[in-house]
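Q: model this:
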Amino acid sequence: MRANLFVKMVAILISLIMVTLIFYGFSYRKDIRVITRQIKTTDLNHLEFLTAQIDNNINQLAGSVYALRRDPTIRDYVQLQQLGHLIDVSQTIRTVLEKLSLQTGSSTWENQLLIFNLLKGETLSTDPSLSFDTADLRHSLPAGWEYSPGPSGNSGAGGFRLMLSDPANFREKPSQANMIIEVKFPVSNIAKMLGSYQPPGSGGTFLYHTGYGVLNPQPADEQIAGQLVSQLPDFPQAQEISTILKLGNGSYLVSAVRSATLGWHVIHYSPLEQILQPIHSSRYSFITATVVLLGMSLLLTLLLYRQVQRPISLLLRSLNRMKEGRWSTRIHVRTNSDFSLLNQEFNEMAATLQSLIEQVYLEQLRAKDAYLKQLQSQINPHFLYNCLFFIKSKASIGDTDSVEAMALNLGEYYRYITRMDHSLTTVADEVKLLENYLSIQNLRKQRLRYELEIPAELLDERIPRLLIQPLVENSIIHGIERRIGLGFILIRAARSGSELVISVEDNGAGMDETGIALLQDRLNEQERLDGGCGLWNVQQRLKHQFGETSAILITASEQGGLMVTLHIRKKEDNYVSDSAG
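A: Predicted coordinates for the structure are as follows:
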C-alpha cells in the first residue's frame, strides 16, 4: 500500500513535468514561428532601406548627368565650331572641366564623368586617362544603367555606366548626335554599402542579376549565394522576396529587394541557426532546469513520503479502523516529533470516544431509530382490509380493470411504506405515494378530486418518510367521508426562508374554532394514553427530527373544511444518519 502510494506520487510528479514540457514545446514552436516572422519582416525592411540608399546615390549621379546635358556652357562647348569666333575656346573648355570636377565631387560615391564631342571627335573628363569608346556609337545607347564586367570577368573590378545623347531623341542613332555624356561608378561603391549592412560571420549581402549572375563583395560566399539564388522562385517578376531556404544541413533566411534604378536584386541571407541561437540556448537551459527540478522534486517527494505521508497513512488507517467500529485502535509506532504528538492526541481521543460510544451514543442511536420505526409502523395500516374487500367484490363481478388498478396502486403503496432501510426520502417520492393512495381512495369512493401545487425545485427536498400521507388520510376519513358530495383535496408546498411549508386543505365537514383549538392541544401532548393518532405521530416525528420550532398548525380552510400545515425548519444538524443503528 505504501509503495503503491509512493509510485502514484512519483507518477503524478512525472506527469506534471511531462505536461509542462509538452506545453513548453507548443509554446516554443509558436515563439519560433512568431520570432521568425518578425525577423523576416525586420530583415526585409532593413534591406528595403539599404536598396533605397543605393538607389538614391545612383539617382544623384544620374541627376548630375541630366544637369550637365542642359548646362549652357556644355552646350557652348558642343557648338565650338560654330561659335569659336564668338567665345574663348580655352576658357570654355576649362569651365566644362571645372563643372565636371564639381559634379564628380558632389557625390559621396567614386565616379567618373566624360563628355564626347562628336563634332570635334574630342573627349573631356576629370580623368585624363579616360577615353570614349566609339564602338558604342554603332548601336543604340542603353535606356538606363548598364553593367560593365571587369577584365577577365572579374566582377569586383566591374562597374555601372549611364550614357545620354544630345539631342536626347538621338539615343537610337548616337552616331548622328552632337554629344554623348557618360557617367561611371565602380562596383566597389555598392560593395562598401553591402559590406557595412551586416557584421561578418552572420550571413552576407550581394547583388544578383539573371543575366550576369551574383555580384558579391565577399568571394568566399559566392558558392552559397549561387545555391541560394537557384532556389528562389520568380526572380525576374518579384519585387520583394522573404523566405527560408534549406541548404545542406542548415537553413537560411533569405530576403531580396529589386533595385528600381539598376534592375538588379539586392539579396541578404543569414544562417537561421545563428539568429535563433539565443532561443535555442534558453530551451536547453529550460530543459536542464526541468531535469534538475525533477530530480529535486523526486528527492523532496521521497522525504515528504517518509516524513509526512507514512505517518498520515498510519493515522488514516487508524481512523478507518475506528470507523469500522474497532474502538480499541491505538497508534504505537514512533515517528517524527510532530506526528508523535499528533498520535498521542489521537490515542487520547480514541480512548475518550470509545468510552462515550460504549456508554451513551450507541444506546441513544438505537433508541432513536427504534422510536422512529415504531412511529412509522403506527401510521394507519388498517385500510388494507377495505382494499382487499374491494378487490374481492370487483373480482366477483368480473371488473378486472378495477382489480388491476387497485392491486397495482396498493402494491406500490405498501412497497413504499414497508421500506425500513432509510428514514428520509424526497418530496417527489412522497408525491408518488400520495398519487397511489388517492388512486386507491378514488377506486373505492369515486367522489374524490385532488390537486398538487408543488414547485419543481422542491421535489428533491429531503423530508422524513410518510410525513404527508397521514394528513391526506386524516382529511378523507374525518373530513370528506363525513360530507355528502364531491370531495376535494389541495396539497401545496412552498419555501419561506429556511422553512419548508407543506399544507393539506380539504372541503370536508370541518370544525369550529373550539374544536380546532382542542385538536391542536391534543397534538401538543407529550404522550397519548389511547395509543395516539396519525397527526400526533407526525407532530412527534417533526419535533424529534427538526426540533421544537417545527410543528403542525391546524386552521379553517377556505374550501369549507380544514387546512393542516407542516412547518419544517430544516438545518444540517437536524438530520439523523440513514445508517444509524
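
Q: give me the low-pLDDT residue ranges for the stretch 451-581 of the chain?
A: The stretch 451-581 of the chain contains residues with pLDDT under 70 at 527-533, 571-581.

Q: That one: helices as residue ranges?
A: 469-478, 513-523, 534-546 (DSSP state H, counting those that start in this stretch).

Q: now the strands for the stretch 151-300 of the chain?
A: 159-166, 179-186, 204-209, 213-215, 240-247, 250-258, 265-271 (DSSP state E, counting those that start in this stretch).

Q: elements contacting the helix or strand hosting residue 102?
A: For residue 102, the host element (DSSP states H and E) is helix 89-105. Judged by 3 or more CB pairs under 8 Å, 6 or more residues apart in numbering; DSSP states H and E, the packing partners of helix 89-105 are helix 2-70, helix 72-78, strand 112-117, strand 122-125. The C-beta positions use only the backbone N, C-alpha and C, and glycine is treated the same way.

Q: Please name the nearest non-neighbouring residue to residue 108.
A: In space, and not counting its chain neighbours, residue 108 is closest to residue 57: 6.9 Å by CB to CB, 6 or more residues apart in numbering.

Q: wait, doesn't that neighbour sit right on residue 189?
A: Yes: Residue 57 lies in contact with residue 189 (CB atoms under 8 Å); the separation is 7.2 Å.

Q: so what sits against both of these two?
A: Residues touching both residue 57 and residue 189 (CB atoms under 8 Å, 6 or more residues apart in numbering): residue 109.

Q: if we can go back for a sec, can you state the direction angle for the helix holding residue 102 and helix 2-70?
A: 170 degrees (axes from the mean of the first three to the mean of the last three CA atoms, to 10 degrees).

Q: what distance separates helix 89-105 from the centre of its chain?
A: Chain-centre distance of helix 89-105: 74 Å, with CA atoms, centre = their mean, to the nearest Å.

Q: Equivalent analysis for stretch 273-282, please.
A: For stretch 273-282, the separation from the chain centroid amounts to 28 Å (computed by CA atoms, centre = their mean).

Q: Then stretch 58-77?
A: For stretch 58-77, the distance to the chain centre is 67 Å (CA atoms, centre = their mean).

Q: next one: stretch 469-477
A: Taking CA atoms, centre = their mean, the mean C-alpha location of stretch 469-477 is offset from the chain mean by 58 Å.

Q: With stretch 289-304 instead?
A: The answer for stretch 289-304 is 29 Å, by CA atoms, centre = their mean.

Q: what is the rounded mean pLDDT of that stretch?
A: Per-region confidence: stretch 289-304 scores 75 on mean pLDDT.

Q: CA atoms only: put it into PDB for me.
A: Output in PDB follows, covering the C-alpha atoms of stretch 289-304 (Å, rounded to 0.1, in the frame of the first residue of the first chain):
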ATOM      1  CA  ALA A 289      16.500  23.300 -15.200                       C
ATOM      2  CA  THR A 290      13.400  21.000 -15.600                       C
ATOM      3  CA  VAL A 291      15.600  17.900 -15.300                       C
ATOM      4  CA  VAL A 292      17.200  19.300 -12.200                       C
ATOM      5  CA  LEU A 293      13.800  20.300 -10.800                       C
ATOM      6  CA  LEU A 294      12.500  16.800 -11.500                       C
ATOM      7  CA  GLY A 295      15.400  15.300  -9.600                       C
ATOM      8  CA  MET A 296      15.000  17.600  -6.700                       C
ATOM      9  CA  SER A 297      11.200  17.000  -6.700                       C
ATOM     10  CA  LEU A 298      11.700  13.300  -6.600                       C
ATOM     11  CA  LEU A 299      14.100  13.700  -3.600                       C
ATOM     12  CA  LEU A 300      11.600  16.000  -1.900                       C
ATOM     13  CA  THR A 301       8.800  13.600  -2.700                       C
ATOM     14  CA  LEU A 302      10.700  10.800  -1.100                       C
ATOM     15  CA  LEU A 303      11.400  12.900   2.000                       C
ATOM     16  CA  LEU A 304       7.800  14.000   2.300                       C
END
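
Q: Buried ones in that stretch, by neighbour count?
A: 290, 294, 297, 301 (16 or more other CB atoms under 10 Å).

Q: domains for the protein, by residue range?
A: Per the record, the chain has its domains at 36-275, 279-372, 378-574, by automatic domain parsing.

Q: Save those as CSV, and put in distance to residue 20 too.
A: Formatted as CSV, the domains of the chain follow (distance: least, CB to CB, whole Å):
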stretch, distance to residue 20
domain 36-275, 24
domain 279-372, 7
domain 378-574, 41
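
Q: right, and these - which one's nearest residue 14?
A: Taking CB to CB, domain 279-372 is the member of the domains of the chain nearest to residue 14, at 7.3 Å.

Q: Many thanks, I have nothing further to ask.
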